[in-house]
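Engineer: following is a predicted model, sequence given first.
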Amino acid sequence: MRERPPISRSWVPAAAGYSSLVIGILDIAKAVVPPFRETRVGEIAGLLPGTIAPIAQAASLVMGVLLVMLAHALRRRKVRAWRAVVLLLPLSALIELVHTRRVAGAAVSVLVFAVLVVNRREFHALSDPRTRWRSLWNLLLMFALDVAVGWVVVNVHSHAIVGDPGLGDRLRHVLLGLAGLEGPVVYSSGRTADLVYFSLAGLGLLTAVTTAYLALRPERPVAELSPEQERTVREMLARHGARDSLGYFALRRDKSVIFSPSGKAVIAYRVVAGVMLASGDPVGDVEAWPGAIRRFLEEAARHAWVPAVIGCSEAGGEVWTREGDLSALEIGDEAVVETAGFTLQGRAMRNVRQMVNRVERAGYTCRIRRAGTLSETERKLIREAADSWRGTETERGFSMALGRFGDPADDECVVVTAHGPR
């Protein structure tokens, strides 16, 4: 008997992500803003998953931050985000029952947990490539969020603050509280003091744990062209590179590559903000392009990345749209000058001819050479001139720039230099 394919519920990840975001925001609001807990919305939020008992408002704050952090990953079908939420929801239900004996809130948590478990096949995307830098960004962003939320937590209970501590004392109380220490701000109510202390300590602990996890987990480079892959791509360019003037830029070493099943074609790409961005046409045998594109799309689906391509030719665009079901958008044209037949003669070239003559009379000259013929001094001068002309360290030529100059592997590259009057 033929097995029926599983029913696809593509709406579940988006619904789970937006629900996680809304629930997280409500949890944070209930923990941070006391008047909110007395409103009708606050009472309804008490029935939503992730909300902890009023006596554990600090835990509710941490739970809310976690749910907000996981919301985007859930929408992108990330399996690790699914695992985290599946662990958080039973914990939420357990705390709800033990501390408040509120069956309704626990029931909603269990219900959402069951929905996620039943639809676990919808969350299949692997994690994005990563480096140690992500832990540093997590530390900086989480610390900024902690300070902002902590400032609200400290000041929202102003009626219970003893005296009138200044801005510096309140900020110091936030920073010390994130480290689990008591600060200079004193509250008249012991319950309020405990709430502020555990809220700040919980935020600090969450930041420390997530940063340590990101720093200690196995590293996978974001994008890297290995020497062996570079040699293979160069061999393909030697055989098939003449048809694509942008093909050589596939050798940027901050790109990854994916090969066709036959190994006769390759696609260079980089992942940018959840988009798997290919640069130009596939390199290699045209007959192997469809196989490489299918591999590319399969890899994008595994990670729930959005597939896209920039800088491809008309022929490449036809294959990309046919095989990848993508939409094509024409942006500009590539200008090609056939030097053997080019001339400045004729009325149509009058303005160009005048400009050329003016430049020549001013004493400017132009030289065209291979990079391998340049001396080290010339390479240094050209590199400095290019950096000065660019005006910024950011290189924006993803599919139309090499990202380096003077590398021995690029000795056959053509270098055009302009020289002023001596």
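Structural biologist: Noted; the coordinates are in hand. Numbers count the residues shown, from 1 in each chain.
Engineer: ok, now how distant is the spatially most central residue of the chain from residue 258?
Structural biologist: Using CA atoms, centre = their mean, the residue of the chain that lies closest to the mean C-alpha position is residue 273, 3.1 Å off. Plainly put, residue 273 is 19 Å away from residue 258 if you go by CB to CB, to the nearest Å. Any C-beta I mention is one placed from the backbone N, CA and C, and that applies to glycine too.
Engineer: all strands of the protein, in order?
Structural biologist: Under the criterion DSSP state E, strands of the chain are mapped to 256-259, 265-272, 275-279, 283-284, 306-310, 365-370, 414-419.
Engineer: can you spell out which helices and strands pack onto the longest helix along the chain?
Structural biologist: Longest among the helix segments of the chain by residue count, using DSSP state H, is helix 190-216. If you count contacts as 3 or more CB pairs under 8 Å, 6 or more residues apart in numbering; DSSP states H and E, helix 190-216 packs onto helix 57-75, helix 133-155, helix 167-178.
Engineer: so what does the first one touch, helix or strand wise?
Structural biologist: Which is helix 57-75. In terms of contacts (3+ CB pairs under 8 Å, 6+ apart), helix 57-75 is packed against helix 11-32, helix 79-95, helix 133-155, helix 190-216.
Engineer: repeat the analysis, applying 6 Å as the threshold.
Structural biologist: Taking 3 or more CB pairs under 6 Å, 6 or more residues apart in numbering; DSSP states H and E as the contact definition, the neighbouring helices and strands of helix 57-75 are helix 11-32, helix 79-95, helix 190-216.
Engineer: chain center to that helix, what's the gap?
Structural biologist: If you compare the mean C-alpha spot of helix 57-75 with that of the full chain, they lie 19 Å apart, counting by CA atoms, centre = their mean, to the nearest Å.
Engineer: average model confidence for that helix?
Structural biologist: Helix 57-75 carries an average pLDDT of 76.
Engineer: got a list of what residue 86 touches?
Structural biologist: Neighbouring residues of residue 86 by CB atoms under 6 Å, 6 or more residues apart in numbering: residue 116.
Engineer: looking at the protein, which helix or strand is least sure?
Structural biologist: helix 40-45 (a mean of 49; mean pLDDT, DSSP states H and E).
Engineer: ok so, going back, now the helices and strands packed on helix 190-216 in JSON lines, with distance to residue 207?
Structural biologist: Below are the helices and strands packed on helix 190-216 laid out as JSON lines (distance: least, CB to CB, whole Å):
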{"stretch": "helix 57-75", "distance to residue 207": "9"}
{"stretch": "helix 133-155", "distance to residue 207": "4"}
{"stretch": "helix 167-178", "distance to residue 207": "7"}
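Engineer: so which of those helices is the most surrounded?
Structural biologist: helix 57-75 (a mean of 23; mean count of other CB atoms under 10 Å).
Engineer: export that helix to CSV, keeping only CA atoms.
Structural biologist: Coordinates of the C-alpha atoms in helix 57-75 are reproduced here as CSV (Å, rounded to 0.1, in the frame of the first residue of the first chain):
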residue,chain,number,x,y,z
GLN,A,57,7.6,37.9,38.0
ALA,A,58,11.3,37.9,37.5
ALA,A,59,11.0,34.5,35.8
SER,A,60,8.2,35.8,33.7
LEU,A,61,10.5,38.6,32.5
VAL,A,62,13.3,36.2,31.5
MET,A,63,10.7,33.9,29.8
GLY,A,64,9.4,36.8,27.9
VAL,A,65,12.8,37.9,26.6
LEU,A,66,13.6,34.3,25.6
LEU,A,67,10.3,34.0,23.6
VAL,A,68,10.9,37.3,21.9
MET,A,69,14.4,36.1,20.9
LEU,A,70,13.1,32.8,19.5
ALA,A,71,10.2,34.3,17.6
HIS,A,72,12.1,35.2,14.4
ALA,A,73,13.9,31.8,14.4
LEU,A,74,10.5,30.0,14.7
ARG,A,75,9.2,31.9,11.7
